[in-house]
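> please find the sequence and the predicted model below.
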Amino acid sequence: AQSVAQPEDQVNVAEGNPLTVKCTYSVSGNPYLFWYVQYPNRGLQFLLKYITGDNLVKGSYGFEAEFNKSQTSFHLKKPSALVSDSALYFCAVRADTGRRALTFGSGTRLQVQP
Amino acid sequence: DTGVSQDPRHKITKRGQNVTFRCDPISEHNRLYWYRQTLGQGPEFLTYFQNEAQLEKSRLLSDRFSAERPKGSFSTLEIQRTEQGDSAMYLCASSRVEGRADTQYFGPGTRLTVL
């Protein structure tokens, strides 16, 4: 079985400050990890993914994520938050073998204050 | 705009009625997925097609649910005898083979409300 935990329902950050959205996972085998963002009344937009190699993954809109195998974490980060980053963020995982279905966390709402 | 389209965007139906949703994937994407998302939760996997073959089905996909992808292009998801618990956003995603982990691109979803 695989699972994702996003321990924070909401993260508040001031514009211009760095942001972190936390994600931990559990999977049998090696993980493939993904971050998606969801704006109101829209589908999920892909931000970035980790497959293998460099633990720091760079993605769209200035976001990056750090894979930590020992802590089974894949936290999303951005050096300087924008008000337009305010949205719902989902972390997802699947194993490198077997099923292709993604397992998603429950989401973290990011609120960036001007 | 990811390129995956879904129709309709909204559907309101009465309990016991049948509903059908359509998904058109990104052109040349041979993999297609259906997920369900309820308020305050992340998407939950329902089923997966590679071309026209349905290769994975979740236990969430009860006998009342059926999905097809007859020509390996668009897909339909039908729910028979709808129940209030079926109210959710139904998301479709598509991907192409790209090495070790293809990226799933999502459509805008169909919001189902069962009265």
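On my side now, so go ahead.
> okay, now the unreliable bits of chain B?
Flagging of chain B using pLDDT under 70 yields the residue ranges B:1-2.
> do you have the helices of the chain handy? List them.
No chain in the question, so chain A it is. With DSSP state H, there are no helices along chain A.
> for it, what lies in contact range of chain B?
For chain A, the residues in contact with chain B (CB under 8 Å from any CB of the partner chain) are A:4, A:32, A:34, A:36, A:41-46, A:49, A:51-52, A:90, A:92, A:94, A:96, A:99-107. All C-beta atoms are positioned from the backbone trio N, CA, C, and that covers glycine.
> got the residues of chain B near chain A?
Neighbours of chain A within chain B, by CB under 8 Å from any CB: B:2, B:4, B:31, B:33, B:40-45, B:48, B:55-56, B:58, B:91, B:93, B:99-109.
> report the buried members of the residues of chain A next to chain B.
The neighbour count (16 or more other CB atoms under 10 Å in any protein chain shown) marks A:4, A:32, A:34, A:36, A:43-46, A:49, A:90, A:92, A:94, A:100-105, A:107 as buried among the residues of chain A next to chain B.
> the chain: strands as residue ranges?
Here I'm looking at chain A. For chain A, the strands defined by DSSP state E occupy A:3-5, A:10-14, A:19-21, A:24-26, A:31-38, A:44-50, A:56-58, A:64-68, A:73-78, A:87-95, A:103-104, A:108-113.
> oops, chain B please
Here chain B has its strands, by DSSP E, at B:5-7, B:10-13, B:19-24, B:31-37, B:44-50, B:53-57, B:65-68, B:75-79, B:88-95, B:105-106, B:110-114.
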